[in-house]
Every structure is written in structure tokens, then in C-alpha cells.
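*Asks:* okay, here's the prediction I keep looking at, along with the sequence it came from:
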Amino acid sequence: DVKVTQSSRYLVKRTGEKVFLECVQDMDHENMFWYRQDPGLGLRLIYFSYDVKMKEKGDIPEGYSVSREKKERFSLILESASTNQTSMYLCASSFPRRITEAFFGQGTRLTVV
Amino acid sequence: SQQGEEDPQALSIQEGENATMNCSYKTSINNLQWYRQNSGRGLVHLILIRSNEREKHSGRLRVTLDTSKKSSSLLITASRAADTASYFCATEETSGSRLTFGEGTQLTVNP
């Protein structure tokens, strides 16, 4: 059974904290993605990675960074959490340029207080 | 900016009726995919249509793609209460590995 696992289902952090969201996939996928989901805005791409140590900015990278040191793990970092980063964060992975779908983790609901 | 835009934003129908959702996009694509999301959960893949295909079926799902209009539609036939969920289209752009989603359609199927 294919699996994308996000480290936390729910997370509460304080403003100004550095926050790490971890995502691990066991399918040997090259591509990994981080999205945030807000009501009425759908899924917005924050960053994606197409190989180890490779990354590209998505549509809303400001306030975020990512790390991909190993193929199976893609971390999203909030350098200094702010209340407007309260959201649902979704990680996904896929094979590149193949006719296959992306697989999603269960999501992390982050609240910044 | 969002690559895909779904229409309508919300749809409410009775069990047994058909549900149609539309998606428009802006750039050249390798494929277009439809996903389903139950409340507060991750997304689950439903169906993928390649850029050189015009129609595809999977069970009660029918997807069409019109690359000249940069649009797609998802038809769910004989809907059930269990189909209640949010539905998203996503496009894989020809320029690379980027996978971009639309804003979604919230479907409610009333028993």
C-alpha cells in the first residue's frame, strides 16, 4: 500500500516560532509537493521538489522554505510563524512526467496563536 | 495565480441525479486530473486524462477534455450520498513537474 505520511495531524505553535512540517513517502517518487489549503482558495502550491536537494518555488513561497536531503523526505519550514500561516498543509508525491497520479498525506492542520 | 478554476463552487443535488463540474486552466498541460477530498482529509485521485485524449470513463465517472478551450468537465452519474465531498481538478504543466490545483467544487448529495 502506497503511503505519504505527514508527521502531525494537528499542530499549535506560537507566533515567531520556527516550525517544521515533515513528510515522508515510501514510493520512491522523485516529485514531492507542499500545498496549503484555505476555505475558498483551494490548494495553493508553496514549493515543490523534483529531486534530492532540488526545489522550485510555487505560487506562495513567501515565509516558507523547504529541505529535501533524502529522496523520501520533504520538509516544510516556517521560519517565523505568523497567524496568517494558520492553515491546512498538504504534502503530495508523484513520479515525474509519467501518466500517474499524485498521492497525498492526511494533512496537518496548523494553528499559529 | 490559480491554474485551474472550478465551476460551480458549490453544487447540491438529490441522490440519483447526475452531477457535472467544470474546470478551466491557462497553460499547456501534459494531463489533467480530478481528485476528491472528504472533509478535513487528504485528496484521493479519481481519474486522469492525457492531453491527447478527449474523453475517459471510470465506473460512474466521465471526464472530458477540450484543449482548444482549455477546459474539462467531470460527470458523476447516478450520484449517491457518499459522493458528498469536494472535487478538485489539477493540471500537470508541460513546462515541468508542477502540479497545480483549482479552487474546488463542493458537492452535496442529499438522500
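*Replies:* It's in. If you're wondering where the values come from, they're calculated on a predicted model, not measured in any experiment.

*Asks:* ranges for the helices of chain A?
*Replies:* Applying DSSP state H to chain A gives no helices.

*Asks:* tell me the centre residue of it?
*Replies:* residue A:34 (2.8 Å; CA atoms, centre = their mean).

*Asks:* contacts only, for it.
*Replies:* A:21, A:23, A:45-48, A:58, A:64, A:66, A:74, A:76, A:89-91 (CB atoms under 8 Å, 6 or more residues apart in numbering or on different chains). Quick note: C-beta positions are derived from backbone N, CA and C, even for glycine.

*Asks:* redo that, cut-off 10 Å
*Replies:* A:6, A:21, A:23, A:44-49, A:55, A:58, A:61, A:64, A:66, A:74-76, A:89-92, A:105 (CB atoms under 10 Å, 6 or more residues apart in numbering or on different chains).

*Asks:* can you pull the contacts of the residue lying closest to residue B:67 once chain neighbours are set aside?
*Replies:* Using CB to CB, 6 or more residues apart in numbering or on different chains and skipping the chain neighbours, the partner closest in space to residue B:67 is residue B:51 (5.9 Å). By CB under 10 Å, 6+ apart, residue B:51 lies in contact with B:28, B:29, B:30, B:31, B:32, B:65, B:67, B:91, B:92, B:94.

*Asks:* measure residue B:51 to chain A for me?
*Replies:* 10 Å (CB to the nearest CB, to the nearest Å).

*Asks:* sorry, back to before: which among the contacts of residue B:51 count as buried?
*Replies:* B:29, B:30, B:31, B:32, B:65, B:91, B:92 (16 or more other CB atoms under 10 Å in any protein chain shown).

*Asks:* secondary structure element for the fifth one?
*Replies:* Okay, so that is residue B:65. In this structure, residue B:65 is located in strand B:61-66 according to DSSP states H and E.

*Asks:* tell me the first helix or strand C-terminal of that strand.
*Replies:* Assigned by DSSP H and E, the successor of strand B:61-66 is strand B:71-76.

*Asks:* next SSE after that next one?
*Replies:* Taking DSSP H and E, what comes next after strand B:71-76 is strand B:85-93.

*Asks:* go through that next one and flag the buried ones.
*Replies:* In strand B:85-93, counting by 16+ other CB under 10 Å, buried: B:85, B:86, B:87, B:88, B:89, B:90, B:91, B:92, B:93.

*Asks:* so where's the chain shaky on pLDDT?
*Replies:* Picking chain A for this. A:1-2, A:97-99 (pLDDT under 70).

*Asks:* the intended chain is chain B.
*Replies:* B:1-4.

*Asks:* buried stuff in stretch A:48-64?
*Replies:* In stretch A:48-64, counting by 16+ other CB under 10 Å, buried: A:48, A:49, A:50, A:55, A:58, A:64.

*Asks:* for stretch A:29-40, same thing?
*Replies:* So stretch A:29-40, judged by 16+ other CB under 10 Å, has buried residues A:29, A:30, A:31, A:32, A:33, A:34, A:35, A:36, A:37.

*Asks:* from the residues you listed, which is closest to chain B?
*Replies:* residue A:31 (4.9 Å; CB to the nearest CB).

*Asks:* hang on, that closest one packs against residue A:55?
*Replies:* No - taking contacts as CB atoms under 10 Å, residue A:31 lies outside contact range of residue A:55: 11.1 Å.
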